[in-house]
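*Asks:* my questions concern the predicted model and sequence given below.
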Amino acid sequence: MSGPIAMLADEIELEIKAAFLDAIEDIRANVDVPSLIGAIERGDEEVLGAYVADRLRPVQDIFARAFAQSGILAAERLGLTFDPMASTAVAARSSAVAGFMRSIVSDTAKAMAQAAFRTTMLSAAIAGTVLIGGVPAQAGDKAILVREIIGLSPTQGANLTAFRAALENTMARQPQPSSRIGYRRELPVVAELPAHVLRYLNASQRSVIEAASGTLDQNQVDALVAHQRRTLLKVRAGSIATSGAVTATNAGEHASWRQAVENRDLGPEWRRYWHDVGDEKVRHAHREVSALNPNGVGIDEPFATPLGPCLHPPLEINCRCRVELREAA
């Protein structure tokens, strides 16, 4: 579907992505990592979550603005007005913002916490022989890993930590020239990384590690990890931005329609109809929603979907579906 609200969603998606990336880089540049690690080791999840939430406030503000704008546009399309400061609209906005931000903050904080604990796991698994950031894996590695993981999801964090550990392990196993005689000798035996670490690596990462074997130095390891981190962060930022734009605009529309019902500007003959974007990326479950609700649903009635009842999109991560309101024939 096209129209002012779809155009707004496209604009908001770009804004949320940029704001999220800026916020994450600000955290990485200014964070007191030892204090965060202290909170992690104390199990103080509230402190960690509050810190992340505070730095992501610009994302929350963009979401709230998009909610209000989409509600106004939805009302204008019907020749009505929408008051985003009405109590029901404020409550709907607060609920939508909280739901959207909750998973972002939780996953970001969880990834950082897991990075710190994963360091201990790696150290025990390889008996301190792998280097992390050029030092034994029992020394200054927590700060390095936690800072690298900031902004990533838990799964991405596990992937990046495994990638660095594999590169460091490969570097540690390389033959080195002897300064005394000049021939190349093998380093002392270095333990292989355990399978539960290697399973997080994808095929592309394994190819990079294999290609770099025998030529790695610490600068190359750090550069490869930094490149992978940027790639993973952009992927997550894109998913967050898409979900945020779809959630904010659909929630704003729905709040506007509810307000019109409360004001008796819309009657029960008005129905909501689910639409997917109609391209090859649409998932089966999303495409099925229209067929499961051929007569539409009421303003406050959830859609039946293969994944369970859903009041409005997004149905799941990266959903791009929209809802149309029209009078039943």
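*Replies:* Structure received. Residues are numbered from 1 along each chain as shown.

*Asks:* low-confidence regions, this structure specifically.
*Replies:* Along the chain, segments meeting pLDDT under 70 span 1-2, 118-141, 175-194, 196-197, 329.

*Asks:* centroid residue for it?
*Replies:* residue 236 (4.1 Å; Cα atoms, centre = their mean).

*Asks:* how far is the helix or strand hosting that residue from where the chain is centred?
*Replies:* Following DSSP states H and E, the helix or strand that holds residue 236 is helix 218-262. From the chain centre to the centre of helix 218-262 is a distance of 6 Å (Cα atoms, centre = their mean, to the nearest Å).

*Asks:* pull out the buried residues from the helix or strand just after that helix.
*Replies:* Later in the chain than helix 218-262, the nearest helix or strand by DSSP H and E is strand 270-275. For strand 270-275, the neighbour count (16 or more other Cβ atoms under 10 Å) marks 270, 271, 272, 273, 274 as buried. Every C-beta, even on glycine, is put in place using the N, C-alpha and C of the backbone.

*Asks:* helices or strands next to strand 270-275 in the packing?
*Replies:* With contacts taken as 3 or more Cβ pairs under 8 Å, 6 or more residues apart in numbering; DSSP states H and E, strand 270-275 sits against helix 218-262, helix 284-292, strand 322-327.

*Asks:* neighbouring contacts of that strand?
*Replies:* Applying Cβ atoms under 8 Å, 6 or more residues apart in numbering, the external contacts of strand 270-275 come out as 1, 257, 261, 289-290, 293, 295-299, 301, 303, 312-313, 321-328.

*Asks:* what packs against the helix holding residue 236?
*Replies:* helix 4-30, helix 57-77, helix 87-126, helix 154-172, helix 203-212, strand 270-275, strand 322-327.

*Asks:* among those, which is the most enclosed?
*Replies:* Compared across the helices and strands packed on helix 218-262, helix 154-172 shows the largest average neighbour count, a mean of 22 (mean count of other Cβ atoms under 10 Å).

*Asks:* that older thread, for the helices and strands packed on helix 218-262, which one sits closest to residue 41?
*Replies:* In terms of Cβ to Cβ, the element of the helices and strands packed on helix 218-262 nearest to residue 41 is helix 87-126, at 7.0 Å.

*Asks:* that closest one vs helix 4-30, what angle?
*Replies:* 40 degrees (axes from the mean of the first three to the mean of the last three Cα atoms, to 10 degrees).

*Asks:* quick one on the thing from earlier: and the helices and strands packed on helix 218-262: which comes nearest residue 253?
*Replies:* Comparing these under Cβ to Cβ, the one sitting nearest is helix 57-77, at 4.3 Å.

*Asks:* for the buried residues of strand 270-275, which one is nearest residue 14?
*Replies:* Of those, the one sitting nearest to residue 14 (Cβ to Cβ) turns out to be residue 274, at 25.0 Å.

*Asks:* roughly how far apart are the closest residue in space to residue 110 that isn't next to it in sequence and residue 69?
*Replies:* Of all residues not flanking residue 110 in the chain, residue 154 sits nearest, at 5.0 Å (Cβ to Cβ, 6 or more residues apart in numbering). Between residue 154 and residue 69 the computed distance is 33 Å (Cβ to Cβ, to the nearest Å).
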